[in-house]
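Trainee: whatever this is, show me its structure:
(chains A and B)
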Number of protein chains: 2
Amino acid sequence: MNTNYYMDLAIEQAKKGLQVNEVPVGAVLVDDIKENIIASFHNEIIKQNNPIKHAEILVIEKACKLKNSRYLNNTSIFITLEPCAMCASAISYARIDKLYFGAYDEKKGAVESAINFNHNNYYVPEIYGGIKEIECSLLLKSFFNLLRKNDVKKT
Amino acid sequence: MNTNYYMDLAIEQAKKGLQVNEVPVGAVLVDDIKENIIASFHNEIIKQNNPIKHAEILVIEKACKLKNSRYLNNTSIFITLEPCAMCASAISYARIDKLYFGAYDEKKGAVESAINFNHNNYYVPEIYGGIKEIECSLLLKSFFNLLRKNDVKKT
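Mentor: Presented below is the predicted three-dimensional model:
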């Protein structure tokens, strides 16, 4: 599987999110057997006025509908940012096999950085972090820098 | 606020879930100011073929639509089971003020039992656990005992 190719697609999604003022995180779900893309999204928290609508959640919801199944075995998820506890749990519940992420999230990352799940009680995918980390991370940093600048202007 | 009354309504929801073979967990969201019910659900994982559709998630999604807001300040959520990491995060993102739960979940409970969030990085509601604990817990135990008996019959 061409890991960089799919992470590039996730980055494209994140950039699309940036254009509509969403936190620039993108996610792509790939069928491990057919090697085709099942779903790809950026965050839609503002668009849907719903704090749950992270890119990973949207990808899982669409894939469950398409496959008419609550289990997504034999799939890989590519995310530009280490998933938070909500998304890491959702990925586990959906039994996604492999999780590839770009930037680490020291504050909320729930597969390596900030929160430790008890692996005995959760289905845990194979996890690969730091793919195209700098590019993914710079996208987020530029977004939050801009937010801070705008906040300063307002004051 | 009549805590027992709202927890009874959450238990009613859990019982409705039991009737359609869902894990019996119920959730009710209450407006703290008007003291009316905004939304109430049981799990719909089987119904929607989607592992994310825990009662808490459904309640938050409906409330965000009704209020046309991604923030649910001035609300309380009543849940028959301690929320998992996915739901605890969603409750935090939605900025629900108070969280009342019934049974503790030693395996996946993410506000007291199994997983510790770094509270500096999350909005944390007021938390009250163990309300009508025995009733909530017995509902879940009887469901899982029945599941095990059915599994034994199949073998």
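
Trainee: please make it C-alpha for all contacts and neighbour counts, starting now.
Mentor: Will do.

Trainee: what does chain A put close to chain B?
Mentor: Within reach of chain B by Cα under 8 Å from any Cα of the partner chain, chain A has these residues: A:45-46, A:49-52, A:61, A:64-65, A:68-71, A:85-90, A:93-94, A:107-108, A:114-118, A:121.

Trainee: between the two ends of stretch A:17-24, how far is it?
Mentor: End-to-end distance for stretch A:17-24, by Cα to Cα, to the nearest Å: 5 Å.

Trainee: nope, stretch A:116-133 is what I meant
Mentor: Stretch A:116-133: ends 21 Å apart by Cα to Cα.

Trainee: now name the helix or strand holding A:Ile77.
Mentor: Taking DSSP states H and E as the definition, one finds A:Ile77 inside strand A:75-81.

Trainee: which strands and helices sit next to that strand?
Mentor: helix A:3-19, strand A:26-31, strand A:98-103, helix A:133-154 (3 or more Cα pairs under 8 Å, 6 or more residues apart in numbering or on different chains; DSSP states H and E).

Trainee: the inter-axis angle of the second one versus strand A:75-81?
Mentor: Just to be clear, that refers to strand A:26-31. Following axes from the mean of the first three to the mean of the last three Cα atoms, to 10 degrees, one obtains 170 degrees for the angle between strand A:26-31 and strand A:75-81.

Trainee: got a list of contacts for the strand or helix carrying A:Leu66?
Mentor: Taking DSSP H and E as the definition, one finds A:Leu66 inside helix A:55-67. With Cα atoms under 8 Å, 6 or more residues apart in numbering or on different chains as the contact definition, helix A:55-67 has outside contacts at A:25-29, A:38-44, A:70-72, A:79, A:83, A:87, A:90-91, A:94, B:49-50, B:52.

Trainee: what subset of those is buried?
Mentor: Burial by neighbour count, judged by 16 or more other Cα atoms under 10 Å in any protein chain shown, picks out A:25-29, A:38-44, A:70-72, A:79, A:83, A:87, A:90-91, A:94, B:49-50, B:52 from the contacts of helix A:55-67.

Trainee: number of nearby residues for A:Val152?
Mentor: Neighbours of A:Val152 under the rule other Cα atoms under 10 Å in any protein chain shown: 9.
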